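1. Provided below for reference: sequence and predicted model.
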Amino acid sequence: MDLGLACPACGHLNVLHASQCERCNAGLVQPGAPPSRRPPQNLKATQVAPSPVRQQAMAAAPAPAPAPKGAAKTMFFGALQQQPVVPRLVVIKGEGGDGVIYHLSGTNHSVGRSTGDILFREDVFLDPEHARFTVQGGRLFVKSLVSQNGVFVRIKSPVALDHNDCFLVGEQLLRLDSDPLPDGGPDSNGTYPYSSPRPDARFRVVQQLAGGGEGRVASAQGGSMSLGREGNTVNFPSDRFISGRHARLDAASDSHHVYLTDTGSRNGTFVRLKGAQELFHGDYLFVGQQLLRVEIS
């Protein structure tokens with residue numbers, strides 16, 4: 001049997017009467033001497049070898065699975081998420097590209113021909129002060145002021161229309177006439193006036209002409225009407241901005257409303273606003289002749 005002093009730190013067997021371990025330099029306690037409370041000198045975790053028992057346990061334990069290469073690391077929230085949201089209005093140019101970008105960093109921004117924060121001085125379809133954009137907590141709202149032509153927003157889902165509501169399909173400004181037709185009764189003498197046969201229609205669409213006045217008046221087929229360039233209830237074959245099957249109107253069965261739906265047109269269908277409305281990222285709207293895209297990110 002080999003005699004010596006076992007190191008309490010690493011288990012190495014040292015010669016008798018040694019004061020320090022020859023392997024790890026830890027202090028050794030002589031037999032019969034009280035244990036020393038001095039910490040071992042120059043001892044580092046990376047320099048201490050495990051005991052034989054611990055070595056066996058480590059050898060038997062399975063090795064940890066390596067992390068997959070290219071694994072994504074979890075990121076911490078930073079200052080980017082805390083920055084205030086600043087909505088933007090992007091002017092769409094005639095060929096469809098992006099033009100001037102207006103950053104709405106304040107609370108209220110008015111648009112007009114001669115008065116306001118955003119001016120389009122050459123647009124004769126704008127009133128001097130036409131519309132107001134309001135930012136509240138990163139949300140954007142628009143309201144038409146006392147303007148002749150109003151604000152038109154592109155629809156993304158069916159919209160309920162009331163009598164005399166206006167909407168844009170291509171270059172056509174159309175008005176919904178959903179009032180019941182007169183009963184066509186006789187005059188006080190009991191005489192009936194000459195007239196055309198009454199259509200079996202729930203509503204009509206009236207074309208609003210440039211410079212004022214009304215153009216075509218088209219009646220629905222029962223409770224529905226399709227609009228487009230060809231193959232519809234009402235066609236506008238010379239309008240280059242209308243798709244073949246552009247939009248449709250359907251009378252509600254349980255109310256007086258008529259629902260307007262865009263049927264996958266390229267240039268969209270726009271409805272004139274009645275009061276303030278919230279705008280969302282990706283919305284398009286006409287203010288005068290200016291087509292604007294909303295960006296909120």
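-> Structure's in. What do you need?
2. So which residues make contact with stretch 260-272?
-> For stretch 260-272, the external contacting residues (CB atoms under 8 Å, 6 or more residues apart in numbering) are 150-159, 161, 165-170, 226, 228, 241-243, 245-250, 284-286. Any C-beta I mention is one placed from the backbone N, CA and C, and that applies to glycine too.
3. Just to be sure, which of these are found in helices?
-> Within the contacts of stretch 260-272, no residue falls in helices by DSSP state H.
4. Pull out the buried residues from these.
-> Among these, the ones that count as buried by 16 or more other CB atoms under 10 Å are 150-155, 159, 161, 165-170, 226, 228, 241-243, 245-250, 284-286.
5. Run through the stretch 51-200 of the chain and note the low-pLDDT ranges.
-> Residue ranges of the stretch 51-200 of the chain with pLDDT under 70: 51-72, 75-83.
6. And the strands in it?
-> All strands of the stretch 51-200 of the chain, identified by DSSP state E, counting those that start in this stretch, fall at 88-92, 98-103, 108-112, 118-119, 131-136, 139-144, 151-154, 159-161, 166-169, 172-177.
7. Turn these into JSON lines, including distance to residue 15.
-> Output for the strands of the stretch 51-200 of the chain, formatted as JSON lines (distance: least, CB to CB, whole Å):
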{"stretch": "strand 88-92", "distance to residue 15": "82"}
{"stretch": "strand 98-103", "distance to residue 15": "82"}
{"stretch": "strand 108-112", "distance to residue 15": "89"}
{"stretch": "strand 118-119", "distance to residue 15": "92"}
{"stretch": "strand 131-136", "distance to residue 15": "84"}
{"stretch": "strand 139-144", "distance to residue 15": "82"}
{"stretch": "strand 151-154", "distance to residue 15": "93"}
{"stretch": "strand 159-161", "distance to residue 15": "97"}
{"stretch": "strand 166-169", "distance to residue 15": "101"}
{"stretch": "strand 172-177", "distance to residue 15": "107"}
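8. can you tell which of the ones you listed is closest to residue 273?
-> strand 151-154 (4.9 Å; CB to CB).
9. Each with direction, which strands does that closest one pair with?
-> strand 269-272 (antiparallel), strand 284-287 (antiparallel) (DSSP bridges).
10. Dump those into JSON lines; add distance to residue 112 as well.
-> Rendered in JSON lines, the data for the strands paired with strand 151-154 read as follows (distance: least, CB to CB, whole Å):
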{"stretch": "strand 269-272", "distance to residue 112": "18"}
{"stretch": "strand 284-287", "distance to residue 112": "9"}
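11. looking at those, which is closest to residue 183?
-> strand 269-272 (30.6 Å).
12. what mean pLDDT would you report for that closest one?
-> The average pLDDT for strand 269-272 rounds to 98.
13. Please work out which residues outside stretch 224-241 touch it.
-> 169-172, 174, 203, 205, 216, 218-221, 242-251, 263, 265, 267.
14. Keep only those of those that are in strands.
-> 169, 172, 174, 205, 216, 218-219, 247-251 (DSSP state E).
15. residues touching residue 115, list them.
-> With contact taken as CB under 8 Å, 6+ apart, residue 115 is in contact with 128-129.
16. what do you get if the cut-off is 10 Å, keeping everything else the same?
-> Applying CB atoms under 10 Å, 6 or more residues apart in numbering to residue 115 gives the contacts 127-130, 145.
17. most neighbours, which of those residues?
-> When neighbours are taken as other CB atoms under 10 Å, the top entry among those is residue 130 (27 neighbours).
18. Got the phi and psi for that residue?
-> Note on residue 130: backbone dihedrals following degrees, to the nearest 10 are phi -100, psi -50.
19. That one touches residue 124, doesn't it?
-> No: at 11.7 Å, residue 130 and residue 124 do not qualify as touching, with contact defined as CB atoms under 10 Å.
20. quick one: common contacting residues for the two?
-> Common contacts of residue 130 and residue 124 (CB under 10 Å, 6+ apart): 113, 288.
21. re the thing from before, out of the strands of the stretch 51-200 of the chain, nearest to residue 296?
-> strand 139-144 (6.1 Å).
22. List the buried residues in that closest one.
-> Going by neighbour count (16+ other CB under 10 Å), the buried part of strand 139-144 is 140, 142, 144.
23. Quickly note the distance from the first one to residue 159.
-> What it means is residue 140. Between residue 140 and residue 159 the computed distance is 19 Å (CB to CB, to the nearest Å).
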